[in-house]
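Q: model this:
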Amino acid sequence: IWNDRLGYKDTGDYKTPEQAIPIGGYSGKDWETCMTMNDTWGYKSYDQNFKSSDGLIRNLVDIASKGGNFLLNVGPDATGVIPTQEADRLKVVGQWLAVNGEAIYGTGPTPFGDEEGALSPTKKNSEGKPVFIYSWDWRCTTKPGKLFIHIIRWPAAPFALAKVKDKISRAYMLADPQHTPLSFSQNGTDVSVTLPAKKRDSLPRVMVLETSAAPGQ
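A: Numbers count the residues shown, from 1 in each chain. Next comes the predicted model:
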């Protein structure tokens, strides 16, 4: 197995975008985004431009929603110690995964896609092409019979989801150990869910929608 950086005519077995998450990912192709926690791959004491824990988790969710893998670099110092700033962020990511790992590990990409954003009808880049405007309200990962909705920006009204192909049978928050059902309604492909009160932290919360799709389908 080799990646797309070896210089052969073949594009490799998987794609490896660096320091960026491609719009839409690579449909039908294995890929991973490789990214640093600050601005450098190795250890530099003066590089203190660390990404926030929130940002790292948001990147993880965004990548998983597109069917990719997140290759996150750490830069140990000369004694092999991971800098405190990096270790602290990794702990936060680990704590979030301890609760929400089901919505990341072994999941498939979103069946929607519009949640990522859209091309601007007015803004253009230096080449005259429309600029892609990202939306950071939510992302979706999937498993057979389940839609995992990662809510990044908590909505003021009930959560609305369009283009749902399957019938929703149950809704609950993944962090709720009791999986207390949430009130929801479905009208054709439109779903509306009444969410619980927002937590004080800014980390994504995962809502699970169980669907009529049987496991293995």
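
Q: which secondary structure elements does the lengthiest helix in the chain sit against?
A: When the chain is parsed with DSSP state H, its longest helix is helix 84-100. Counting by 3 or more Cβ pairs under 8 Å, 6 or more residues apart in numbering; DSSP states H and E, the packing neighbours recorded for helix 84-100 are helix 53-65. To be clear about C-beta, it is placed using only N, CA and C from the backbone, and glycine gets the same treatment.

Q: let's see that with 10 Å instead.
A: With contacts taken as 3 or more Cβ pairs under 10 Å, 6 or more residues apart in numbering; DSSP states H and E, helix 84-100 sits against helix 53-65, strand 69-72, strand 205-211.

Q: with distance to residue 152, mean pLDDT and mean neighbour count as new columns, can those be given to me in CSV?
A: Output for the helices and strands packed on helix 84-100, formatted as CSV (distance: least, Cβ to Cβ, whole Å; pLDDT from 0 to 100; neighbours: other Cβ atoms under 10 Å):
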stretch, distance to residue 152, mean pLDDT, mean neighbour count
helix 53-65, 6, 97, 21
strand 69-72, 16, 97, 16
strand 205-211, 9, 97, 21
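
Q: my read: residue 57 touches residue 90, true?
A: No - between residue 57 and residue 90 there is no contact under Cβ atoms under 10 Å: 11.0 Å.

Q: coming back round to it: now the angle from the longest helix of the chain to strand 205-211?
A: For helix 84-100 against strand 205-211, the angle by axes from the mean of the first three to the mean of the last three Cα atoms, to 10 degrees is 30 degrees.

Q: would you enumerate the residues in contact with the residue nearest the centre of the chain?
A: Computing the C-alpha centroid of the chain and ranking residues by Cα atoms, centre = their mean puts residue 61 first, at 1.4 Å. Contact partners of residue 61, counting by Cβ atoms under 10 Å, 6 or more residues apart in numbering, are 70, 96, 100, 103-104, 136, 138-141, 148, 150, 152, 203-204, 206.

Q: any idea how far residue 47 is from it?
A: Here residue 61 is placed at a distance of 25 Å from residue 47 (Cβ to Cβ, to the nearest Å).
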